[in-house]
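[1] what's the 3D shape of this:
(2 chains)
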Amino acid sequence: MTLRTRFAPSPTGFLHIGGARTALFCHLHTRRHQGTFILRIEDTDTERSTQEAVQVILEGLTWMGLPPDEGPHFQSHHTRRYLDVVQEMLAAGHAYVCTCSRERLDAVRERQRETGDKPRYDGHCRNANLSPGAEPHVIRFRTPQEGEISWDDKIQETIRFANSELDDLILVRSDGSPTYNLAVAVDDHDMGITLVIRGEDHISNTPRQMHLFRAMGWEVPEYAHMPLLHGSDGAKLSKRHGAVSVLQYREEGFLPSAINNYLARLGWSHGEQEIFTMAELEQLFDVSQLGRSAAIFDRAKLLWINGHHIRAATPEQLLPELAMQLARLGIDPPPSTEELAPILPEFQARAATMVEMAQKCRFLFIDSVLPYEEKAARKHLTPGVQAPLSALATALDALPEWLTPAIEGAFQANLAAHNLTMGQLAQPVRVALTGSGASPGIFETMVMLGKQKTVQRIQAGVVWLRGA
RNA sequence: GUCCCCAUCGUCUAGUGGCCUAGGACGCCGGCCUCUCACGCCGGUAACACGGGUUCGACUCCCGUUGGGGACGCCA
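    As a prediction, this is how the structure comes out:
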């Protein structure tokens, strides 16, 4: 039987990092086993589902490089089918009409909490044999009360629940709409899903869905419940942890390959390898090798991995992102690919994110670097360097060609003339050129900047010194 | 509270009864390289939650305790 998995987000918000991890694991595991990866939008909650959210989820998956092989399917298109299934269950006695009011339900739960029981439906209408009349009612599943239900989870071990722990879940709401567990079971069956990969927060739904399968005589799929992603406080990742849209990570200058690499290493490992390409992951990752404990999202390590991927990336991957980040820094219009291509290598090893890279090469695309970073100016632009700086500007200006050997020659001559060491002159020049005390090599920086700007900025430094 | 799941350095992990005086990675701290910053390289810091078993021998198996997480909706 060929593998069929699905990723089933509900379109009530953006695709956050936890959801992305689930999608990634579904995708990787499916690729490895040459299966089919299906996207299903769980929009049975018409109140909260939006078209925009669907769009954002799709965008997120695309950016992550996790396009589905099939779908997206929409549960809202399957309502008829769900209701038909419920009719069958009703006819077979697997479901029944319940007219309990919300008030009564609340009261029951309240009482159960007080007595220390697990809040659940008390079966009030279970044997009342009500027929669907004008009175408001829901349809509930008649959950078996004896025995237990269990499954061999592909990630966890065997998980078992006593049926007495389960209550009679609602299949159809009083407004006639189907609920989550019903829709999931029907779709997982109809779509031929053979392996359900989802977060372990769904473990308690699994016995309910399995009972639905059994009632309909369907074959139950396999399940793999992956450990959750936690924030630094150890609790399930949520908005207050900055568990924002994956697209936000793009804004922050992360590469999708790095995010995927990092996410995959949370709960999974392959020897002592830390850096993986997407192709490697697709070949190596298997959900059955996942660890069983929750992992804490660690931005520091993500940054390190992102730096690796930036260094390993091709210009084609990086250039558009760099241009975008420069634009966000106010470089308008952003430099062209042709302008950016030659400087890219100088900054690849110096940035952990594309945002950082843009900040570090920004000085190349603005008119003036003034005002200087205060600390750098105070440390390096001292009165003593005014004369050498001035002389250097003159010498550089007189250069017939702007190539490294010539620049270096002029620089070295100036060093000797003023009896200075490399560092004593390079740092002041660096501040004049970039506004900061850190940049690529000083000659490389001058070449990238061009003769005109280089000379201008050194002269501006001299002027600044006179005023200081 | 009830049910379910989990438990090795701060974090991610290796470890499947002797190879472990517990390995790697991030972070942090030193050093090297060096015109600065990175990159790279070298070194250091730091963990088997606790208590009982089982066994000639437990990080590894079993039980309990503690701790953490998740689920308890006419949400998904």
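[2] Tell me the spacing between the nearest residue to A:Leu195 once chain neighbours are set aside and RNA strand B.
    Computed as C-beta to C-beta, 6 or more residues apart in numbering, the closest residue to A:Leu195 that is not its neighbour in sequence is A:Glu222, at 4.8 Å. Any C-beta I mention is one placed from the backbone N, CA and C, and that applies to glycine too. The gap separating A:Glu222 from RNA strand B is 16 Å, by C-beta to the nearest atom of the strand, to the nearest Å.
[3] my guess is A:Val186 is in a helix, correct?
    Yes - per DSSP: H, G, I helix; E, B strand; the rest coil, A:Val186 lies within a helix segment.
[4] looking at it, A:Leu403 is touching A:Val447, isn't it?
    Yes - with contact defined as C-beta atoms under 8 Å, A:Leu403 counts as touching A:Val447 (7.5 Å).
[5] Neighbour count for these two, which is higher?
    Shown here are A:Leu403 and A:Val447; by other C-beta atoms under 10 Å, A:Val447 has more neighbours (19 against 12).
[6] Tell me which residues of the strand or helix carrying the more buried one come out buried.
    For A:Val447, the host element (DSSP states H and E) is helix A:442-449. Buried residues in helix A:442-449, counted by 16 or more other C-beta atoms under 10 Å: A:442, A:445-449.
[7] Give me the contact list for it.
    The contact list for helix A:442-449, computed with C-beta atoms under 8 Å, 6 or more residues apart in numbering, reads A:342-343, A:346, A:363-364, A:396, A:402-404, A:407-408, A:411, A:426, A:429-430, A:433-434, A:439-440, A:454, A:457.
[8] Kindly recompute the last result at 7 Å.
    Identification of contacts with helix A:442-449 by C-beta atoms under 7 Å, 6 or more residues apart in numbering yields A:343, A:346, A:364, A:402, A:404, A:407-408, A:426, A:429-430, A:433-434, A:439, A:454.
[9] quick one, helices of the stretch 151-300 of chain A?
    All helices of the stretch 151-300 of chain A, identified by DSSP state H, counting those that start in this stretch, fall at A:180-190, A:206-216, A:246-251, A:256-264, A:278-284, A:299-312.
[10] quick one: average pLDDT of the fourth one?
    Think helix A:256-264. Per-residue pLDDT over helix A:256-264 has a mean of 98.
[11] Check the first one too.
    Averaged across helix A:180-190, the pLDDT comes to 98.
[12] swap in the fifth one?
    Helix A:278-284 shows an average pLDDT of 97 in the prediction.
[13] for the stretch 351-468 of chain A, which spans come out with low pLDDT?
    Low-confidence segments of the stretch 351-468 of chain A, defined by pLDDT under 70: A:468.
[14] go with 50
    Applying pLDDT under 50 to the stretch 351-468 of chain A picks out no residues at all.
[15] where does it come near RNA strand B, residue by residue?
    Within the stretch 351-468 of chain A, the positions adjacent to RNA strand B are A:351, A:422-423, A:426-427, A:430, A:437-444 by C-beta under 7 Å from any atom of the strand.
[16] In helices, which of those fall?
    A:422-423, A:426-427, A:430, A:442-444 (DSSP state H).
[17] which two in those residues are spaced the farthest apart?
    A:Gly423 and A:Glu444 (16.2 Å; C-beta to C-beta).
[18] Please work out how many residues are found near A:Leu169.
    Look at A:Leu169: counted by other C-beta under 10 Å, it has 20 neighbours.
[19] Tell me if I'm right that it and A:Phe141 touch.
    Yes - assessed by C-beta atoms under 7 Å, A:Leu169 is found in contact with A:Phe141 at 5.3 Å.
[20] which residues in chain A form strands?
    Residue ranges of the strands in chain A, as given by DSSP state E, are A:4-7, A:36-41, A:70-74, A:95-98, A:138-141, A:148-152, A:158-162, A:170-172, A:195-199, A:222-226, A:229-230, A:295-296.
[21] For A:Glu274, give me its contacts.
    Applying C-beta under 7 Å, 6+ apart to A:Glu274 gives the contacts A:Arg265.
[22] For it, grab phi and psi.
    In this entry, A:Glu274 is assigned phi and psi values of phi -110, psi -30 (degrees, to the nearest 10).
[23] Can I get the contacts of helix A:442-449 in a markdown table including distance to A:Met89 and neighbour count?
    As requested, the contacts of helix A:442-449 are exported to a markdown table (distance: C-beta to C-beta, whole Å; neighbours: other C-beta atoms under 10 Å):
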| residue | distance to A:Met89 | neighbour count |
| --- | --- | --- |
| A:Ile343 | 66 | 21 |
| A:Glu346 | 67 | 19 |
| A:Leu364 | 68 | 23 |
| A:Trp402 | 81 | 15 |
| A:Thr404 | 79 | 12 |
| A:Ile407 | 82 | 21 |
| A:Glu408 | 83 | 13 |
| A:Ala426 | 79 | 19 |
| A:Val429 | 80 | 27 |
| A:Arg430 | 75 | 21 |
| A:Leu433 | 76 | 24 |
| A:Thr434 | 71 | 24 |
| A:Ser439 | 70 | 24 |
| A:Thr454 | 79 | 24 |
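[24] now these as JSON lines including distance to A:Thr314?
    Shown next, in JSON lines, are the contacts of helix A:442-449 (distance: C-beta to C-beta, whole Å):
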{"residue": "A:Ile343", "distance to A:Thr314": "15"}
{"residue": "A:Glu346", "distance to A:Thr314": "16"}
{"residue": "A:Leu364", "distance to A:Thr314": "21"}
{"residue": "A:Trp402", "distance to A:Thr314": "28"}
{"residue": "A:Thr404", "distance to A:Thr314": "25"}
{"residue": "A:Ile407", "distance to A:Thr314": "29"}
{"residue": "A:Glu408", "distance to A:Thr314": "30"}
{"residue": "A:Ala426", "distance to A:Thr314": "31"}
{"residue": "A:Val429", "distance to A:Thr314": "32"}
{"residue": "A:Arg430", "distance to A:Thr314": "29"}
{"residue": "A:Leu433", "distance to A:Thr314": "28"}
{"residue": "A:Thr434", "distance to A:Thr314": "26"}
{"residue": "A:Ser439", "distance to A:Thr314": "24"}
{"residue": "A:Thr454", "distance to A:Thr314": "29"}
